[in-house]
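In: just coords:
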């Protein structure tokens, strides 16, 4: 689509008479013009007339605009959620908005419309195409569109347990689905031994009125830690209709930890073995109600992130220190060969010194598939971007973030994008 079409759309948005003329255009041309506009402009257009509101809220238009956004770097960014004792605060960063007069600085844009929403006080566990999914232990699940601020509360499932919800896109039905896994801690009668029971539900957003329970007991997967809790460092990634997450719990002895690949469309799953080089020596053993021994890997839980890197590949990323320098190990999954490839990127001295001064690191990727490291301490944020093809690293300070008085309890970072998709 030519730039002139987008320019024409923006010009009409600023000129009410031209907006009226826009409504007289054939439907296909009108859709073509509107799909070029950023979500902020489309949200404003919804207030102009019922015709615009109906068109922009249409499911087919949302799918079209989403597909286009996937190809435009200017509509991509990263979402940062910072939680302390109060509600989380949300920021977005767009790598296309670099200020030439402030080299080496990225501006974080506050999402005040999300900060004040009481429904969004749950833990952010999942993101897909600009939609985020938050869940709370009591069973509340909220799906929110970051670009439009639209959010819906999903039906509550009555259970007394920890829950973990993941969102992904089904390209067949062109709908988003949420996979919920709940962990119920029980105590065997006459014993102090605690065991865990797991249940799984699926809900198609905007279609299903209630959750559908599914039975994955034959090959169970568990996004929880040894205490039956999701944990602050749990990780998942959505790639082309598949949700990837770690399987912390295994019956194997010796244990062989793996990654669960959940196909959103077919609602089926497969397992991907974790690279043999990954250490998993930090294990906790537990005996369930049936006398079976389980293994948990606490070390993998804390230090390794799942990401989507260039070419849409699944990757495991781990930053570690050897003497005074830091190194980034990246394992990429060769799907056609069903094997992992590994590369190590040394982090230069200057960047290593910067990382050393920060308390901990979070991982994501940007629109180009580059790895983004977010380093956090009590005063500021620092971003390191690594291009795996060239092995070139760029560093940025982040401005515009107001830090809580106490140290952030939970910081999360996800790739996001401009998306007008209606979730109702």
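Out: Happy to help now that I have it. Every value quoted in this text rests on a predicted model; they were computed, and no experiment measured them.
In: only C-alpha atoms from now on, for both contacts and neighbour counts.
Out: Fine.
In: okay, now the unreliable bits of the stretch 101-250 of the chain?
Out: 101, 115-122, 137-139, 158-162, 185-196, 217-234, 248-250 (pLDDT under 70).
In: for it, just list every one of the strands.
Out: 105-107, 109-110, 123-128, 131-135, 141-145, 151-153, 162-170, 175-187, 194-204, 212-214, 236-239, 242-247, 249-250 (DSSP state E, counting those that start in this stretch).
In: go through the ones you listed and name the closest to residue 265.
Out: Ranking these by proximity to residue 265 (CA to CA) places strand 162-170 first, at 4.7 Å.
In: re the thing from before, just put the strands of the stretch 101-250 of the chain in TSV and tack on mean neighbour count and distance to residue 34.
Out: Below are the strands of the stretch 101-250 of the chain laid out as TSV (neighbours: other CA atoms under 10 Å; distance: least, CA to CA, whole Å):
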stretch	mean neighbour count	distance to residue 34
strand 105-107	20	28
strand 109-110	16	24
strand 123-128	24	23
strand 131-135	25	21
strand 141-145	24	19
strand 151-153	17	23
strand 162-170	26	23
strand 175-187	20	21
strand 194-204	19	27
strand 212-214	13	36
strand 236-239	22	27
strand 242-247	24	29
strand 249-250	22	48
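In: tell me how far stretch 416-424 lies from the chain's centre.
Out: 14 Å (CA atoms, centre = their mean, to the nearest Å).
In: okay, buried residues for that stretch please.
Out: If you call a residue buried by 16 or more other CA atoms under 10 Å, then stretch 416-424 has these buried ones: 416-423.
In: equivalent analysis for stretch 339-358, please.
Out: Buried, per 16+ other CA under 10 Å, within stretch 339-358: 340, 345-347, 352, 355, 358.
In: which ones are touching residue 211?
Out: 155, 157, 201-203 (CA atoms under 8 Å, 6 or more residues apart in numbering).
In: apply 7 Å and report the result again.
Out: If a contact means CA atoms under 7 Å, 6 or more residues apart in numbering, then residue 211 has 201-203 as its contacts.
In: what about the residue nearest in space to the middle of the chain, distance to residue 266?
Out: Centroid-nearest residue in the chain, with CA atoms, centre = their mean: residue 127, separated by 3.0 Å. According to CA to CA, to the nearest Å, residue 127 and residue 266 sit 20 Å apart.
In: could you dump the contacts of residue 211 into a markdown table and include distance to residue 51?
Out: Converted to a markdown table, the contacts of residue 211 look like this (distance: CA to CA, whole Å):
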| residue | distance to residue 51 |
| --- | --- |
| 201 | 37 |
| 202 | 34 |
| 203 | 30 |
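In: tell me where the stretch 251-400 of the chain has strands.
Out: 258-263, 268-273, 283-287, 293-297, 305-309, 313-322, 325-334, 339-347, 360-365, 371-376, 381-387, 392-399.
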